[in-house]
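> Everything below, folded, please.
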Amino acid sequence: MKEFIKNQKVTYNLMSFTGFKALLIFSLLTEGPKSYEDISNYLYNHPYLREKISIDTMRVYINSLKRLGCEVKRVKGDDKISRYVITAHPFELKLTPDQIQSIIKVYKSIVKNMDIKELIAMEHFFEKIGAYVKNEEFVADIKKISMLKDINLELLEDLVDCCDKKEQIVITYNSPNSGEKEIELIADKIETSNGKIYLYGFGFEYMQYGSFLASRIKQINEIKLDKTIPDTLKEFKIIYELECSPNNIQLGENEKILETNNNKTVIEMNTSNDFLARQKLLEYGSLCKILEPESFKNDFVQILKDMKAGYYCG
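This next block holds a predicted model:
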């Protein structure tokens, strides 16, 4: 106190070492069972302390923690050595059932507008929170609604990194039609669609841009050192018209507006995957009209006819 009054500076010399040691012991015992030797050696090797404590002094600290509301138990292992552990304490994060439901409601709402990196960060956040919340239902409920529940998080982070670097990779993919097989592709991006996560990239098997359900990707087998961009990239142009203002249109990276007239917008799309293109245009419903190419338009019209026939047959 005299030192502080003299220079108004706080240094480690002004620390309450009694309180500091109590915090260290508290931290050690929340990690797991610790013997007297474990605690004494830890304090002796600490850079600020460099002192051992007697067994009687340690009991004083244990009793102080109990008076604070900590549940301290003494257990014996196979080696017959007594160890202390804190099984509960008043500093735990406790959530009521109503609070848990509120968190889940907020979580469901915000994840809809998150990109994949934000989803991963959110997953890590709840992992950390789960370690402090003494409520197993909270952790289970969050995992149940997580978009990443069926995906290896470490693998997903590696795939995101490959997409950032546009790596040429070989993955093991569990195809619903042909089972597990190796697929070589140039990784482009990872996005969510209809509550599921997809890896997008140029696949070498069919020589076109495609999507792969992330939960079906088992592992990354290889990252190629040298990229080999195929000359046979089957990219083609689709021009379609949307009956809406350009201000209400979210263009893809491969799209651009050609013209607007009387609340109608003409858009050009460059793609190498006719399946993904059809899926996107079908979502527009009656607002969309394909202008060219003629072959793609005819195929699209046939799909619509087949869909219509399905409602009237039998």
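> And the strands in this structure?
Counting by DSSP state E, the chain has strands at residues 34-35, 71-76, 82-88, 168-175, 179-193, 196-203, 208-213, 217-223, 236-242, 255-261, 264-271, 288-292.
> Parallel or antiparallel, list what pairs with the last one.
Looking back up the chat, that one is strand 288-292. strand 236-242 (antiparallel) (DSSP bridges).
> ok, residues contacting the strand it pairs with?
249, 258, 264-272, 274, 277, 281, 284, 287-293, 296 (CB atoms under 8 Å, 6 or more residues apart in numbering). C-beta here means a position set from N, CA and C on the backbone, and glycine is covered the same way.
> which regions of the stretch 151-300 of the chain sit below the pLDDT cut-off?
229-234 (pLDDT under 70).
> Do you know the pLDDT at residue 10?
Per-residue pLDDT puts residue 10 at 46.
> give me the number of residues near residue 50?
Neighbourhood size, residue 50 [other CB atoms under 10 Å]: 9.
> Make CSV from the strands of the chain and add mean neighbour count and distance to residue 138 to it.
Below are these laid out as CSV (neighbours: other CB atoms under 10 Å; distance: least, CB to CB, whole Å):
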stretch, mean neighbour count, distance to residue 138
strand 34-35, 18, 28
strand 71-76, 12, 20
strand 82-88, 16, 16
strand 168-175, 18, 31
strand 179-193, 16, 24
strand 196-203, 21, 23
strand 208-213, 20, 28
strand 217-223, 14, 29
strand 236-242, 18, 44
strand 255-261, 12, 42
strand 264-271, 18, 43
strand 288-292, 16, 44
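> Columns distance to residue 149 on top of those, output as a markdown table?
Listed next are the strands of the chain as a markdown table, based on distance: least, CB to CB, whole Å:
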| stretch | distance to residue 149 |
| --- | --- |
| strand 34-35 | 35 |
| strand 71-76 | 33 |
| strand 82-88 | 29 |
| strand 168-175 | 17 |
| strand 179-193 | 13 |
| strand 196-203 | 11 |
| strand 208-213 | 14 |
| strand 217-223 | 15 |
| strand 236-242 | 35 |
| strand 255-261 | 32 |
| strand 264-271 | 31 |
| strand 288-292 | 34 |
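> Out of these, flag the one nearest residue 129.
With CB to CB as the measure, strand 82-88 is the member of the strands of the chain nearest residue 129 (17.6 Å).
> can you list contacts of stretch 69-87?
Residues contacting stretch 69-87 (CB under 8 Å, 6+ apart): 26, 29-30, 32-36, 38-39, 62, 65-66, 88-90.
> Sorry, wrong one. I was asking about stretch 94-110.
Taking CB under 8 Å, 6+ apart as the rule, stretch 94-110 contacts 122, 133-135, 137-138, 141-142, 145.
> 6 Å instead, please
The contact list for stretch 94-110 (CB atoms under 6 Å, 6 or more residues apart in numbering) reads 133, 135, 138, 141.
> which of those has the weakest pLDDT?
Out of the contacts of stretch 94-110, that is residue 135, at 72.
> Just the CA coordinates for stretch 146-154, please, in CSV.
Backbone C-alpha positions of stretch 146-154 (Å, rounded to 0.1, in the frame of the first residue of the first chain) are rendered in CSV as follows:
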residue,chain,number,x,y,z
SER,A,146,-26.6,-27.0,-36.3
MET,A,147,-26.1,-26.9,-40.0
LEU,A,148,-22.7,-28.5,-39.4
LYS,A,149,-23.9,-31.4,-37.3
ASP,A,150,-23.1,-34.1,-39.9
ILE,A,151,-19.9,-32.5,-41.1
ASN,A,152,-16.3,-33.0,-39.8
LEU,A,153,-15.5,-29.4,-38.7
GLU,A,154,-11.7,-29.8,-39.2
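> what's the distance between that stretch and the middle of its chain?
7 Å (CA atoms, centre = their mean, to the nearest Å).
> Then stretch 104-111?
Per CA atoms, centre = their mean, the centroid offset for stretch 104-111 relative to its chain is 14 Å.
> Just the C-alphas of that stretch, formatted as PDB.
In PDB, the C-alpha atoms belonging to stretch 104-111 read as follows (Å, rounded to 0.1, in the frame of the first residue of the first chain):
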ATOM      1  CA  ILE A 104     -31.900 -21.500 -30.000                       C
ATOM      2  CA  LYS A 105     -34.500 -19.200 -31.500                       C
ATOM      3  CA  VAL A 106     -31.900 -16.500 -32.100                       C
ATOM      4  CA  TYR A 107     -29.400 -19.000 -33.400                       C
ATOM      5  CA  LYS A 108     -31.900 -20.400 -36.000                       C
ATOM      6  CA  SER A 109     -32.600 -16.800 -37.100                       C
ATOM      7  CA  ILE A 110     -29.100 -15.500 -37.600                       C
ATOM      8  CA  VAL A 111     -27.500 -18.600 -39.200                       C
END
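> Can you give me the buried ones in it?
Of all the residues in stretch 104-111, those buried under the rule 16 or more other CB atoms under 10 Å are residue 111.
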